[in-house]
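Colleague: Mind looking at a prediction? Sequence and model below.
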There are 2 protein chains.
Amino acid sequence: MKPSIPKGTRDFSSTEVAKRNYIFSTIKHSFENFGFQPIETPSFENSSTLMGKYGEEGDRLIFKILNSGDYLKKVDENLLSEKNSQKVTSKISEKALRYDLTVPFARYVVQHQNDITFPFKRYQIQPVWRADRPQKGRFREFYQCDADVVGSKSLWQEVEFVQLYDTVFSKLGLQGTTIKLNNRKILSGIAEVIGAKDKLIDFTVALDKLDKIGKEGVVTEMLAKGITQEAIDKVDPLFSFTGTNEDKLSSLKGMLETSEEGINGVEELSFIVNSINELGLNSANLDIDVTLARGLNYYTGAIYEVAAPKEVKMGSIGGGGRYDDLTGIFGLKDVSGVGISFGLDRIYLVMEELGLFEAVELPKPKILFLNFDESESLAKVKAIKILREANIKSELYPDVGTSNKQQKKQWKYVTNREIEFVVTSVNDNKFTIKNMQTGDQNLLSINEVIDLVN
Amino acid sequence: MKPSIPKGTRDFSSTEVAKRNYIFSTIKHSFENFGFQPIETPSFENSSTLMGKYGEEGDRLIFKILNSGDYLKKVDENLLSEKNSQKVTSKISEKALRYDLTVPFARYVVQHQNDITFPFKRYQIQPVWRADRPQKGRFREFYQCDADVVGSKSLWQEVEFVQLYDTVFSKLGLQGTTIKLNNRKILSGIAEVIGAKDKLIDFTVALDKLDKIGKEGVVTEMLAKGITQEAIDKVDPLFSFTGTNEDKLSSLKGMLETSEEGINGVEELSFIVNSINELGLNSANLDIDVTLARGLNYYTGAIYEVAAPKEVKMGSIGGGGRYDDLTGIFGLKDVSGVGISFGLDRIYLVMEELGLFEAVELPKPKILFLNFDESESLAKVKAIKILREANIKSELYPDVGTSNKQQKKQWKYVTNREIEFVVTSVNDNKFTIKNMQTGDQNLLSINEVIDLVN
């Protein structure tokens, strides 16, 4: 029986790890360049920290860890015989795997509030786990890459996050991403103007489908949810919302003039758009998108979502926004936060599709020393030591091969691992080295070998 | 109620992450320099992969993950009413958190055997979880850093691992570590010679305590375990086993001359010792230690253990050895492996104690731009953009501070984060920049600022 791994999880080969690390280190470098500091939190938290923070569906998707030892001993027998899984869970499990990085971050801020200097710019790159049904691009274990600032309401943060997205995606070679921007206050303003404040979520959920089901579909859904035709007519411009960001802002300003909150949202968007116009972007486009209703129960100000370059079909590769009360759930009030996230797995797929991993150095030795003659091994190992000290990855094929068959195996290793240079033999401190691409062969001293491959 | 984390787990602050990453990246760089390739495996495995691989105690310490959904539905009611936790576990949990990196690696090799080029040199740096009782230096979540080669019986691998330990510890600045070396065959040979082959484990467990309980204690324990005084007398030289490695080898050779396996072990040790004598070490000592009986059920050849520099009191900071049948548990026979591990947490404590983290760059901005005047903010953000492009970490204090109190808060931020350079104001593209260590203040252009801080 061949061993396997749980569904929704993955093994990563060396090549995959190298490519993933290339993305991680690019993100990390930019995070630090922008002044974000790394923190790390445990893989599992107390269940009480996580449960109830992600809604009923979220609670279901959290992986729970069974208590150790004789965990059934103290459980009420009647409860067991009822077989009520949900009730029993709280008796036999008190820890759970991290579901995202945001709630553990909020917990961290509250727990360590006396050691933190605010505003606190933190980043965190760690795996999270969700008992979701696995499907293409959706896994049960995956990494999140989050950067957040807490303790400041300044809109310069929102501006900085647009720059940060642009910087990272430009460095990764992803030309032409679109950073979509909205504001929760605009959505609230729209609902207010159409007199359907209590139907805000229905409205935005329907509006969010504009791309998929078109105007007619959205209107049908809105009517079904009890939003009047009159109200829908008031926001008609939203169904064909094009032009420059300035055009959109001016249209919104008109549409929302009776809503204080809406105008507030327009002003915030204007500040971000104007600042970015002044600062310029390297390769990304900034685009106001009022259909963007991501994390609606959560975000209170700016909302971001990043779309991959148009030539690639892919969901959003990043997102985020401002939340005015992140740490309130753990008892620390009035700490505003804003943050963004990078979707590693999707970025990986996009880069693979666009052939952007070619520059990544794959993990393999630069020089392989073949091992055909035991009497040469020590001289080769001595040379390898010098090469490694010069930061040239090199290896001895470990087993000595004297027969034809054994030597063939060594050459096959060279081919399989796509080794660039091969040392076949050493004589009087001169090494016979072959360039496997050109076929050139030379007899060189160790210093000449270093010069050759560098 | 202040939030907390499960016992045995840890939050890591930015400073701690930076120090840990310094160790990780040093190890990783050397692993790759020596030709090891990274792989990663999922945090949880199928329970069947892990259970039964670490002994009864190990099985108990494995963290089990509760099945999702209505996991009690199909469990037999009688089984539940019996409250037999162990039996119920296999019905309500089919996944478990990784306990070490070795078993998942064996599973990986078997599962991907057709995609792997052997000999396969892999490294893996990932967390593992154990439901152990937490105590000083022992955690329920901790990282392992492993490098292994499978598919080769060449002793050059054993030599290379000694070099690898020496390289990593030298790079970390840990002068004077001791790489202790033993061989399972020597231990078997000793048991054979004294005619207590069936008591090998008792013998080595007792011998391993020589440092702690002295010769008398060890002898008492051996006698209690049924090893005869006559047998003990035969190995008397082992109780005062000193001198050079060559002295020890020659003493072993005499003592074990009647044991083929023992002589085999002496020859293996001699090869490693002689090769290392030829190659030299940077800062470590290599020391044959026959009391080393680590992983006895597991290792079949070389056994390593690394002791911290003598001035620090600390258990072993690394260990490993050769195992002849790693992948047999998953049905792939005759794949010999050898590998070593670095103990991150203990290395961290040793480095902290020896003050070796001073060279580590802590995550903070090089230049902070104070934000006292809203009309200057945009010019400052533009300057920050240029500085970041020149790889100079810099930040704007996000909230504008006009009152005395607000400005004090910004200066306090400078102090708390130990910022080196502060820009107070900008006028006509000239920046007033202050060196916080010297107190020097200058009026500089952005290019002059770059020159100043670089």
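Modeller: On my side now, so go ahead. Please read these numbers as outputs of a predicted model, since none were measured by experiment.
Colleague: Any stretches of the stretch 1-150 of chain A with poor pLDDT?
Modeller: The stretch 1-150 of chain A contains residues with pLDDT under 70 at A:1.
Colleague: Quick one: the strands in it, in order.
Modeller: The residue ranges that make up the strands of the stretch 1-150 of chain A, judged by DSSP state E, counting those that start in this stretch, are A:37-38, A:44-46, A:64-65, A:95-97, A:120-129, A:141-150.
Colleague: Can you point out the buried residues in stretch A:69-87?
Modeller: In terms of neighbour count (16 or more other CB atoms under 10 Å in any protein chain shown), stretch A:69-87 has its buried residues at A:71, A:72, A:75, A:80, A:83, A:85. C-beta coordinates here come from the backbone N, C-alpha and C atoms, glycine included.
Colleague: could I get the strands of the stretch 1-150 of chain A as CSV with mean neighbour count and distance to chain B?
Modeller: Written out in CSV, the entries for these read as follows (neighbours: other CB atoms under 10 Å in any protein chain shown; distance: least, CB to the nearest CB, whole Å):
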stretch, mean neighbour count, distance to chain B
strand A:37-38, 23, 4
strand A:44-46, 23, 6
strand A:64-65, 26, 4
strand A:95-97, 25, 5
strand A:120-129, 22, 6
strand A:141-150, 22, 6
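Colleague: Contacts only, for the residue of the stretch 101-250 of chain A found nearest chain B.
Modeller: The stretch 101-250 of chain A approaches chain B most closely through residue A:154 (3.6 Å), counting by CB to the nearest CB. Under the criterion of CB atoms under 8 Å, 6 or more residues apart in numbering or on different chains, the contact list for residue A:154 reads B:398, B:399, B:400.
Colleague: and which of the buried residues of stretch A:69-87 is nearest residue B:30?
Modeller: residue A:71 (42.4 Å; CB to CB).
Colleague: can you tell me which residues contact the closest one?
Modeller: Taking CB under 8 Å, 6+ apart, we find residue A:71 in contact with A:92, B:85.
Colleague: Roughly how far does it sit from residue A:92?
Modeller: Using CB to CB, to the nearest Å, one obtains 5 Å as the distance from residue A:71 to residue A:92.
Colleague: Residue A:275 now?
Modeller: Distance check for residue A:275 against residue A:92: by CB to CB, it reads 53 Å.
Colleague: and what of residue A:216?
Modeller: Counting by CB to CB - residue A:216 and residue A:92 are separated by 51 Å.
Colleague: between the two, who's got more neighbours?
Modeller: With other CB atoms under 10 Å in any protein chain shown as the criterion, residue A:216 and residue A:92 differ in neighbour count, and residue A:92 comes out ahead with 20 against 9.
Colleague: isn't residue A:101 right next to residue A:144, touching?
Modeller: Yes. Contact criterion CB atoms under 8 Å: residue A:101 and residue A:144 qualify, at 4.9 Å.
Colleague: Excluding residues flanking it in the chain, which one is nearest residue A:251?
Modeller: What sits nearest to residue A:251 in space, not counting adjacent residues and going by CB to CB, 6 or more residues apart in numbering or on different chains, is residue A:237, at 5.5 Å.
Colleague: What's the per-residue pLDDT of the one you found here?
Modeller: At residue A:237, the model reports a pLDDT of 85.
Colleague: Would you agree it falls within a helix?
Modeller: Yes. Residue A:237 sits within a helix when classified using DSSP: H, G, I helix; E, B strand; the rest coil.
Colleague: Around chain B, pick out the residues from the stretch 351-454 of chain A.
Modeller: If contact is defined as CB under 8 Å from any CB of the partner chain, the residues of the stretch 351-454 of chain A in contact with chain B are A:363-365, A:377-378, A:381-382, A:385, A:388, A:391, A:393-400, A:413, A:416-417.
Colleague: among those residues, which are in strands?
Modeller: By the criterion of DSSP state E, membership of these in strands covers A:394, A:395, A:396.
Colleague: okay, now the second one: neighbour count?
Modeller: Look at residue A:395: counted by other CB under 10 Å, it has 25 neighbours.
Colleague: Could you double-check that it sits in contact with residue B:35?
Modeller: Yes. Using CB under 8 Å as the test, residue A:395 is close enough to residue B:35 to be in contact (3.9 Å).
Colleague: which neighbours do those two share?
Modeller: Common contacts of residue A:395 and residue B:35 (CB under 8 Å, 6+ apart): A:365, B:121.
Colleague: Next up, the contacts around residue A:424.
Modeller: Counting by CB under 8 Å, 6+ apart, residue A:424 touches A:370, A:372, A:432, A:433, A:434.
Colleague: then the helix or strand hosting it to CSV, C-alphas only?
Modeller: When secondary structure is defined using DSSP states H and E, the element that contains residue A:424 is strand A:421-427. The C-alpha atoms that make up strand A:421-427 are tabulated as CSV, following Å, rounded to 0.1, in the frame of the first residue of the first chain:
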residue,chain,number,x,y,z
PHE,A,421,29.9,21.3,-14.6
VAL,A,422,31.3,17.8,-14.0
VAL,A,423,34.8,17.0,-12.7
THR,A,424,35.8,13.5,-13.9
SER,A,425,39.3,13.1,-12.5
VAL,A,426,42.1,14.7,-10.6
ASN,A,427,45.8,14.3,-11.2
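Colleague: buried set for the next helix or strand after that strand?
Modeller: For strand A:421-427, the following helix or strand on the C-terminal side (DSSP H and E) is strand A:430-435. Along strand A:430-435, these residues count as buried under the neighbour rule (16+ other CB under 10 Å): A:431, A:433, A:434.
Colleague: now swap in stretch A:339-349 and tell me
Modeller: By neighbour count, with 16+ other CB under 10 Å as the criterion, the buried positions of stretch A:339-349 are A:339, A:340, A:341, A:342, A:343, A:344, A:345, A:346, A:347, A:348, A:349.
Colleague: any residue of it up close to chain B?
Modeller: No. Using CB under 8 Å from any CB, stretch A:339-349 never reaches chain B; the gap is at least 12.7 Å.
Colleague: Low-confidence bits of the stretch 251-400 of chain A, can you list those?
Modeller: For the stretch 251-400 of chain A, counting by pLDDT under 70, the residues that fall below are A:295-296.
Colleague: residue ranges for the helices of it, please.
Modeller: With DSSP state H, counting those that start in this stretch applied, the stretch 251-400 of chain A shows helices at A:260-279, A:344-353, A:374-389, listed in chain order.
Colleague: Now the terminal residues of stretch A:170-185, how far apart.
Modeller: Stretch A:170-185 has an end-to-end distance of 30 Å (CA to CA, to the nearest Å).
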